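1. take a look and give me a structure for this.
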Amino acid sequence: MSVPAKNAPTSLRRNREFNLLWVGAGFSYLGSRMTALVYPILVLWSGGSTTVAGLLGFTALLPQLVVQLPAGAHVDRRDRRRLMLGCELGCVLALGSLAIPVALGRLWLPQLFAVAFVEGSFMVVYQIAERSAVPQLVAAGQLGPAYSRNEARTRAASLVGGPAGTGLVALGNAIPLVCSVATHLASFAALLRIRMPLQAERGSPPGDVRAEIATGLWWLWRQRFLRAVLLILAATNMLYQMVAFAMLPLFHDEGRPKGLVGVVLACAAVGGLVGALTAAQWMRSWSVRRILLAGLVVWAIVTPLLAVAHNVVEMGALFAASGYVGGVFNVPAIVYLMRITPPAMQGRVSSAANLVSSGAVSLGWVAAGLLLTTVTPRQGIGAVGAVMALIAACAVLSPAIRGADGPAETKPLG
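-> Down below sits the predicted model:
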């Protein structure tokens, strides 16, 4: 259960247990972001085909789809600290087993595929456990600032990890793998120092895993407002991935330097980082519903503008604005999810929400590929903008959104 709110709860800055969890997770996410692009690079730089590299990237992301639901059930059933320690140890062993043959120039594709899937699976479990553990370490009134810090940390890890991983490959193929092992060991050390339990006591012994997963899904489906928010996020996540994908052929067709597309897309990460850092301020005065609707309106304006923007600076600013909205909204959405979810179900519900988001991201790449076979990149972005505007209009008119009258749905979350 969450730490009871007191007249003067310990500040997050002085909350030893939360800070250990925050720092440890930061190291863990940094390590996973470092290896994300290294896997396909190892294939391509070893003379492999783009098809094999693409399959490897898919394999690394596959746990986001197939591991989420069982992971959530086990996070609710087991000691989360021990589970996270096991995940970190598993990542260390998997990456370490790959670093040795890579350093010796003996890359074996089946092992590379296996390690990519295993690391991705461990990170899915770790992420769900870490998110579900936060309410056990901070006061209820501190969930907003706590998850704001977590979101900023995760986006910073993505911003730094990708370039760091690809840069370290230039020093040696095994270097980013070794560095990733070091980050997971640092996370392991931080988790060992946490003294408080990271889960609430169960009122009854655990039952059948499949039955518990079904219970979590059914509970989530019955929450009208939350269900509507998740469906909207799934749609917008898919559309955003389509826009990001369309930028690649757009820069190629218009003869722009290839390096600039990475800079433009990185602006979204910078905007998301700033959004996450400022989310707590928005939550003090705005409700989840108001933040959602305002964000959808911004997306509906920004996306069509990308279709007609020709200046790289303008494109970067628009991506930064889009990322800012995402960074702001993710925090109150997570806080709302964890506040209304019974403590014994937080792992399962969180995993189901992650599955919706992850599946949408994967579908976005597939949908963009199909769309761009019939239209130009700018036409495709314009079409995505039109759909984004339609989603914003539907959200404004949705009875589940407009009719949300529970106190947690209408009042600020700060």
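
2. switch to C-alpha atoms for all contacts and neighbour counts from now on
-> Noted.

3. in stretch 152-161, what's buried?
-> Across stretch 152-161, burial judged by 16 or more other CA atoms under 10 Å covers A152, R153, T154, R155, A156, A157, S158, L159, G161.

4. make TSV from those and add pLDDT, distance to V23 and secondary structure to it.
-> Putting the buried residues of stretch 152-161 into TSV (pLDDT from 0 to 100; distance: CA to CA, whole Å; DSSP: H, G, I helix; E, B strand; the rest coil) gives the following:
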residue	pLDDT	distance to V23	secondary structure
A152	90	12	helix
R153	91	9	helix
T154	88	11	helix
R155	86	14	helix
A156	89	12	helix
A157	88	11	helix
S158	82	15	helix
L159	83	16	helix
G161	84	15	helix
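
5. can you put the residues you listed in CSV and add distance to S32?
-> Formatted as CSV, the buried residues of stretch 152-161 follow (distance: CA to CA, whole Å):
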residue, distance to S32
A152, 16
R153, 13
T154, 11
R155, 13
A156, 13
A157, 9
S158, 9
L159, 12
G161, 8
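
6. what two of the residues you listed are the furthest from one another?
-> A152 and G161 (13.7 Å; CA to CA).

7. still on that earlier bit, and of the buried residues of stretch 152-161, the nearest to P110?
-> Checking those one by one against P110 (CA to CA), the nearest turns out to be G161, at 24.9 Å.

8. what sits against the closest one?
-> Taking CA atoms under 8 Å, 6 or more residues apart in numbering as the contact definition, G161 lies against L30, G31, S32, R33, M34.

9. low-confidence ranges, the stretch 201-350 of the chain, go.
-> Across the stretch 201-350 of the chain, the ranges flagged by pLDDT under 70 are 202-207, 258-259.

10. all helices of it, in order?
-> Listed in chain order, the helices found in the stretch 201-350 of the chain under DSSP state H, counting those that start in this stretch are 209-221, 224-253, 258-285, 288-308, 312-340, 346-371.

11. of all those helices, which lies closest to T183?
-> For the helices of the stretch 201-350 of the chain, distance to T183 was read as CA to CA. The smallest value, 21.0 Å, belongs to helix 258-285.

12. quick one: buried residues of the closest one?
-> Within helix 258-285, the residues that qualify as buried are 261, 264-280, 282-283, counting by 16+ other CA under 10 Å.

13. got it, and stretch 81-91?
-> Using 16+ other CA under 10 Å as the burial criterion, the residues of stretch 81-91 that qualify are R81, L83, M84, L85, G86, C87, E88, L89, G90, C91.

14. then stretch 221-239?
-> 225-230, 232-239.

15. what of stretch 242-259?
-> M242, V243, A244, F245, A246, M247, P249, L250, F251.

16. now the helices of the stretch 201-350 of the chain in CSV, with distance to S180?
-> What follows is these, written out as CSV (distance: least, CA to CA, whole Å):
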stretch, distance to S180
helix 209-221, 32
helix 224-253, 27
helix 258-285, 21
helix 288-308, 35
helix 312-340, 25
helix 346-371, 23
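
17. what's the closest of the ones you listed to F113?
-> For the helices of the stretch 201-350 of the chain, proximity to F113 was assessed by CA to CA; helix 346-371 is nearest, at 18.4 Å.
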